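Trainee: build me a model from this:
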Amino acid sequence: MRPGASSTWAKLADTSDHAYPTDMALNLARIDDHFDANELSQAFQRTGTIEDDLMAIVIAPWRQEAWKSLDDDNNDEKND
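Mentor: Okay, the predicted model is just below:
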C-alpha cells in the first residue's frame, strides 16, 4: 500500500462511506503532476458535491460518469 498515492485512497474511498479517503484522494490528485484529466476528473467526482461534479466536467467534459454524478447529486439535493 502506498499512502502517498491518490489511487490508493481512491480504492479505499470506493469501499468506504467515510469522506476522509475521498478527500485524501482528491488532495493528492491535485498535487500529483502525473495525473491525467480523466483521473483528476474522477477524483473530483468522487466527493459527491455539485461543486466538485462541475469541476470534474470542466476538467474532462467527455466523461459521461461526471455528468451522471452531477445529475444524481442535483436530484439528491432537490429531494433534501
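
Trainee: from M55, how far out is the nearest residue to A19 once chain neighbours are set aside?
Mentor: Leaving aside its sequence neighbours, A19 sits nearest to T47 (C-beta to C-beta, 6 or more residues apart in numbering; 7.7 Å). C-beta coordinates here come from the backbone N, C-alpha and C atoms, glycine included. Relative to M55, T47 is positioned 9 Å away (C-beta to C-beta, to the nearest Å).

Trainee: what stretches of this protein score poorly on pLDDT?
Mentor: Applying pLDDT under 70 to the chain flags residues 1-9, 11-13, 15-16, 18, 32.

Trainee: starting at the chain centroid, how far to the biggest helix by length in it?
Mentor: Across the chain, the longest stretch assigned as helix under DSSP state H is helix 64-79. Relative to its chain's centre, helix 64-79 lies at 13 Å (C-alpha atoms, centre = their mean, to the nearest Å).

Trainee: how about exporting that helix as CSV, limited to the C-alpha atoms?
Mentor: Listed next in CSV are the C-alpha coordinates belonging to helix 64-79 (Å, rounded to 0.1, in the frame of the first residue of the first chain):
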residue,chain,number,x,y,z
GLN,A,64,-20.2,10.6,-19.0
GLU,A,65,-19.8,9.5,-15.4
ALA,A,66,-19.2,13.1,-14.3
TRP,A,67,-22.4,14.3,-16.0
LYS,A,68,-24.3,11.5,-14.4
SER,A,69,-22.9,12.2,-11.0
LEU,A,70,-23.9,15.9,-11.4
ASP,A,71,-27.5,14.8,-12.3
ASP,A,72,-27.6,12.4,-9.4
ASP,A,73,-26.2,14.9,-6.8
ASN,A,74,-28.5,17.6,-8.1
ASN,A,75,-31.6,15.3,-7.7
ASP,A,76,-30.4,14.3,-4.2
GLU,A,77,-30.2,18.0,-3.3
LYS,A,78,-33.7,18.7,-4.6
ASN,A,79,-35.1,15.8,-2.5
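
Trainee: that helix: which residues count as buried?
Mentor: Buried residues in helix 64-79, defined by neighbour count with 16 or more other C-beta atoms under 10 Å: 66, 69-70, 73.
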